[in-house]
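> Show me how the following folds:
(2 chains)
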There are 2 protein chains.
Amino acid sequence: MTDLIPIIHEKLDQAVSLLNEHHLDCWLTFVRETSQVYDPALNLILGLGLTWESALIVSRSGRKVAIVGRFDADTVRRLNAYDEVIGYDQSIGEPLQAQLAQMNPSRIALNYSLSDAGADGLTFGMYARLTRLLAGTPYAAQFVSAEDVVRRLRERKSSRELERIRRAVDVTQQVYDELFARPLVGMSERQVHALTGDIVTRHGCEFGWERAGNPIVNAGADSAIGHGMPGDLVIQPGQLVHVDMGLRCDGYCADLQRMVYVRREGESEPPEDVRRAWQVCWAALEAGRAALRPGVLGWQVDAAARAELTRHGYPEYMHAFGHHVGQKAHDGGSVLGPQWDRYGDLPNKPVEVGNVFAIELGVMVAPYGYIGIEENVLVTEAGAEYLSAPQMELWQQ
Amino acid sequence: MTDLIPIIHEKLDQAVSLLNEHHLDCWLTFVRETSQVYDPALNLILGLGLTWESALIVSRSGRKVAIVGRFDADTVRRLNAYDEVIGYDQSIGEPLQAQLAQMNPSRIALNYSLSDAGADGLTFGMYARLTRLLAGTPYAAQFVSAEDVVRRLRERKSSRELERIRRAVDVTQQVYDELFARPLVGMSERQVHALTGDIVTRHGCEFGWERAGNPIVNAGADSAIGHGMPGDLVIQPGQLVHVDMGLRCDGYCADLQRMVYVRREGESEPPEDVRRAWQVCWAALEAGRAALRPGVLGWQVDAAARAELTRHGYPEYMHAFGHHVGQKAHDGGSVLGPQWDRYGDLPNKPVEVGNVFAIELGVMVAPYGYIGIEENVLVTEAGAEYLSAPQMELWQQ
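Numbering: from 1, shown residues only, chains lettered A, B, ... in the order given. As a prediction, this is how the structure comes out:
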């Protein structure tokens, strides 16, 4: 079983620093029946499920209070992470008002965000409930988004988190090594998907997103690129085989793509078109990585990679260049992506030391298949260093 | 892998009927990055994850449209559940406005609810996004809660769903049979928890809520009752051993409690206090079950059970008598519970034919331990029939 408790203690302390950094008096995470909707921040500050309406409050003075249903109280107490754990029976209204009155905050960071899904765990119904529970108090008028706190809490990896990510990267690479040691020609996408499952099980890790589409397996140019499920296409000579997989080990993820070209009879290397596209993809990835330094804005990193690809005549990729990796493969927080409406404000955030990104891009090379490359990097003062052993050479079978 | 596709087709058709029943023009489910927040209704109408802002729209005329990010479109198309699947790149705004303009609804059921966590998948940030995306159109002013649609879609089980629940109940009972065939005295709560895991794995099912607290195991009167995790307490003669477990098989759950009394040397039956409490608990459960008929309101069922317990001098249980069981052990929808603030409007909903409930209650019998009983029932025209083989006799070891 994953032990998140040491990380939760670390992250709660980090949250106190972030409240001070952002001049917020407290951070309120309001949730209920987390088996229905699990606020993505809970894994950073609780690591458990809750049943009834619950409030987790962290104040800038360092006080941490959990108000939860009676049957959850004992489990939360055992974490030793909250100074006070209050169990209630009929309504959370009174203990919640009492705690806020005691803290007397004037700026309350609440668990919602327009842009960052990872900081947006408050449902619309729960927001309406909260304003009713606080009717007659000044607190409902003092809410601001907790996005800056939650986003940075997630983005600034501690050394303990980093250690776990490194392990996930290592295991993912071992799984890929075992997978690509097998001759893949004649196998269907579905068979590759099943075989990968067996290897992952042996390594004792879990899949970092839904198993049905993890790994994504693309055999040749007719396969659907994106978040699709492996199908019945059979790997043929003359095809690119592309695999995109995210694994979670000890609660932290890696997200890597790896690929191989299956030679036709008489071929000693991949066709010229494939080799050229591979080189340009790598030049673009490296251009993005070179731009990825503390202080730069996400869209600027994306633009560097995108420009390198398009200046060689390839079409731009229709996604972001980079996303954070952590407890989730798509960890939330900022993106290294274009300023498209669907990314909201997330491309406009600065890169920081301690961020871990998956950086990725690709091009279709008909009739051979899709080239997709994805590596994981850590941002340091000196720039972005690979956590993975980058696949700079296209493997061949 | 669980095959939800036949159920999704069924449920989408049922949704059309519900829109007509409730005089709603369409139902809009607005989500994004479901690996962060997964709208609980998605398992009824999609069964997949989505990455970017996505809109699933069902109209009362029967038209079903999915607007999703480009890389998710192909996977959604393969479901054959939506008449049209639109993939977009930069912004969902234009295709969403266009679809709504085509349907021209005047009442749009949106995926939020004050009371029902299972119908409240829209986050506060996503609500704000939606109103911005629809600025300048009449649609944002036409939203009403989709609670009635989502709740009933979940509560009215189809024969296919019922079949899967029956199987989950059967498997859960087999697991209990194997567990209680072992002499439990001398084992710790944690060991019982681990042993149960082995048995469940052999049966090929998964746990219906977090494994850490599933099953709940209570050895004697010092164990924490509720949603706690099994601890180091060792089962002794003269103790009640109480186990609360939810399993999911083929995507559907059972949620049952079972227990045993461990005799002391020379005892031929449990102590008088235990036997009396057991009888009264069963009388209360049966009183609730007798009240559980189509048309009755949830709080009335709870009141019948609660009154039977308290009139014998036992304290009332501090939870609801009953909750729906389905894809989740706590399935959402109405509750058979008291009109406490924390249950919102959910105790005021009528029971319907085809509902499946877990009904439960319990009392502490110091110094022996906690008696908790929980069975699963199906509501028919004739009343509530047991899906489980009810444990009317207290088992002994």
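> Where does the stretch 101-250 of chain A get nearest to chain B, residue-wise?
Nearest residue of the stretch 101-250 of chain A to chain B (Cβ to the nearest Cβ) works out as A:Gly226 at 2.9 Å. C-beta here means a position set from N, CA and C on the backbone, and glycine is covered the same way.
> Counting neighbours, what do you get for that residue?
Around A:Gly226 there are 21 other residues, counting by other Cβ atoms under 10 Å in any protein chain shown.
> now A:Thr310
For A:Thr310, the count of nearby residues is 14 (other Cβ under 10 Å).
> Would you mind listing the residues in contact with it?
When contacts are counted by Cβ atoms under 8 Å, 6 or more residues apart in numbering or on different chains, A:Thr310 touches A:Glu316.
> follow-up on the earlier one: correct me if wrong: the residue of the stretch 101-250 of chain A closest to chain B contacts B:Val68.
No: judged on Cβ atoms under 8 Å, A:Gly226 makes no contact with B:Val68 at a distance of 10.2 Å.
> The closest residue to A:Trp282 other than its chain neighbours and A:Cys281, how far apart?
In this structure, A:Trp282 finds its nearest non-sequential neighbour in A:Met392, 6.0 Å apart by Cβ to Cβ, 6 or more residues apart in numbering or on different chains. Distance, A:Met392 to A:Cys281, by Cβ to Cβ, to the nearest Å: 10 Å.
> picking up where we left off before, tell me the confidence at the residue of the stretch 101-250 of chain A closest to chain B?
Looking at A:Gly226, its pLDDT is 72.
> host element of it?
Counting by DSSP states H and E, no helix or strand carries A:Gly226.
> Name the nearest residue to it, sequence neighbours excluded.
Distances taken as Cβ to Cβ, 6+ apart put B:Phe71 closest to A:Gly226, at 2.9 Å, once the chain neighbours are dropped.
> same deal with A:Asp302?
A:Phe321 (4.1 Å).
> again with A:Gly372
Spatial nearest neighbour of A:Gly372, excluding adjacent residues (Cβ to Cβ, 6+ apart): A:Gly362 at 3.5 Å.
> low-scoring stretches of the stretch 1-150 of chain A, by residue?
Within the stretch 1-150 of chain A, the segments meeting pLDDT under 70 span A:1-2.
> Which residue ranges of it form strands?
A:26-31, A:54-59, A:64-69, A:84-88, A:108-110, A:143-145 (DSSP state E, counting those that start in this stretch).
> Which elements pack onto the fourth one?
Applying 3 or more Cβ pairs under 8 Å, 6 or more residues apart in numbering or on different chains; DSSP states H and E, we find strand A:84-88 packed against strand A:64-69, helix A:70-77, helix A:93-103.
> follow-up on the earlier one: with neighbour numbers in mind, choose between A:Met392 and A:Cys281.
Set A:Met392 next to A:Cys281 and count neighbours by other Cβ under 10 Å: A:Cys281 wins out with 25 against 12.
> Identify each buried residue in the helix or strand that contains the more buried one, please.
Assigned by DSSP H and E, A:Cys281 belongs to helix A:272-291. Neighbour counts over helix A:272-291 (16 or more other Cβ atoms under 10 Å in any protein chain shown) mark A:274, A:277-278, A:280-282, A:284-289, A:291 as buried.
> just those now: which is nearest A:Ala382?
For the buried residues of helix A:272-291, the minimum distance to A:Ala382 (Cβ to Cβ) is 12.1 Å, reached by A:Arg289.
> can you pull the contacts of the closest one?
A:Arg289 makes contacts with A:Ile359, A:Val377, A:Gly383, A:Ala384, as judged by Cβ under 8 Å, 6+ apart.
> pretty sure the last one contacts A:Val377?
Right, A:Ala384. Yes: with contact defined as Cβ under 8 Å, A:Ala384 reaches A:Val377; the gap is 4.2 Å.
> Show me the common contact partners of the two, please.
Jointly contacting A:Ala384 and A:Val377 under the rule Cβ under 8 Å, 6+ apart are A:Arg289, A:Leu292, A:Phe357, A:Ile359.
> Tell me which two of those residues sit farthest apart.
Farthest pair in those (Cβ to Cβ) is A:Arg289 and A:Phe357. Separation: 9.3 Å.
> quick revisit: tell me the phi and psi of the residue nearest to A:Gly372?
phi -170, psi 170 (degrees, to the nearest 10).
> Need the shared contacts of A:Ala384 and A:Val377 in TSV (columns: pLDDT).
Listed next are the shared contacts of A:Ala384 and A:Val377 as TSV, based on pLDDT from 0 to 100:
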residue	pLDDT
A:Arg289	98
A:Leu292	98
A:Phe357	98
A:Ile359	98
